[in-house]
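> With the input below, show me the fold.
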Amino acid sequence: MPIEYAIPPPDDQLAFFEFLLAAKGQLLQEALLKTVSGCDLAAIDADAQRYVPADALCVLAGRGLRAELVFALPTILRANPRLLGYYRLLLGFSQKSFYTKAFGLSGRIHTAMEQEGTLVPGMVDRLPSLCLALNESAAHLVRGIGLDRLTRDNLRDLSLLTFGPQLRSGTATL
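Below you'll find the predicted structure:
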């Protein structure tokens, strides 16, 4: 039977797949979990108590989830600055909209975290303020999702929903 259609091979999708695998190791939930495994859990828990709204912590605890899955913590960002991108993706912001003066995140000081995995001089002292700002937004996310729908898989999927268009637009960087 002759083929009447001309469907090309999925070359873009294969390239996206390779980029996705790399992102899992650097920018997505898998990278966060790997980073956490090398950190002091007492320091992470202390950060959660200090930088995360108590009601949001209770919602996460009610689902058996740890705070760092949703909330940026200085201990985590010091250990792996690239994870600023994880929290950006989770909150649904493209790089173009996130790294702007309107958000207070313009310039190399913040993009170096996500793209190069480095903390430029002076940024370590600013991590608490950055985490508080990110976590205010993340608390809205947690409250909006609600206890019955808050799962690790749904959080992963939210990040991927933001990451996908970034890949398609050709602006994704690792």
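> Tell me which stretches of this protein form helices.
Assigned by DSSP state H, the helices in the chain fall at 11-26, 29-37, 41-51, 54-62, 74-79, 84-90, 95-98, 108-116, 123-145, 152-169.
> Residue nearest the middle of the protein, spatially speaking?
Centroid-nearest residue in the chain: Tyr86, 1.4 Å away (criterion: Cα atoms, centre = their mean).
> can you tell me which residues contact that one?
Listed by Cβ atoms under 8 Å, 6 or more residues apart in numbering, the contact set of Tyr86 reads 27-29, 31-32, 159. All C-beta spots, glycine's among them, are computed from the backbone N, C-alpha and C.
> quick one on the thing from earlier: which one of the helices of the chain is the most hemmed in?
helix 84-90 (a mean of 27; mean count of other Cβ atoms under 10 Å).
> before we move on, the earlier item: farthest-separated two in the contacts of Tyr86?
Greatest spatial distance in the contacts of Tyr86: Ala31 and Ser159, 10.6 Å, computed using Cβ to Cβ.
> circling back to that earlier point, can you redo the helices of the chain as JSON lines with mean pLDDT?
Formatted as JSON lines, those follow (pLDDT from 0 to 100):
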{"stretch": "helix 11-26", "mean pLDDT": "88"}
{"stretch": "helix 29-37", "mean pLDDT": "97"}
{"stretch": "helix 41-51", "mean pLDDT": "98"}
{"stretch": "helix 54-62", "mean pLDDT": "93"}
{"stretch": "helix 74-79", "mean pLDDT": "98"}
{"stretch": "helix 84-90", "mean pLDDT": "97"}
{"stretch": "helix 95-98", "mean pLDDT": "91"}
{"stretch": "helix 108-116", "mean pLDDT": "88"}
{"stretch": "helix 123-145", "mean pLDDT": "95"}
{"stretch": "helix 152-169", "mean pLDDT": "87"}
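> of all these, which lies closest to Ile3?
Comparing the helices of the chain by Cβ to Cβ, helix 11-26 comes nearest, at 18.7 Å.
> circling back to that earlier point, if I look at the residue nearest to the centre of the chain, how far off is Ala56?
17 Å (Cβ to Cβ, to the nearest Å).
> same check, this time on Asn154
15 Å.
> just Leu91 next, same as before
14 Å.
> hey, what's in contact with both of these two?
Joint contacts of Leu91 and Ala56 (Cβ under 8 Å, 6+ apart) are Ala138.
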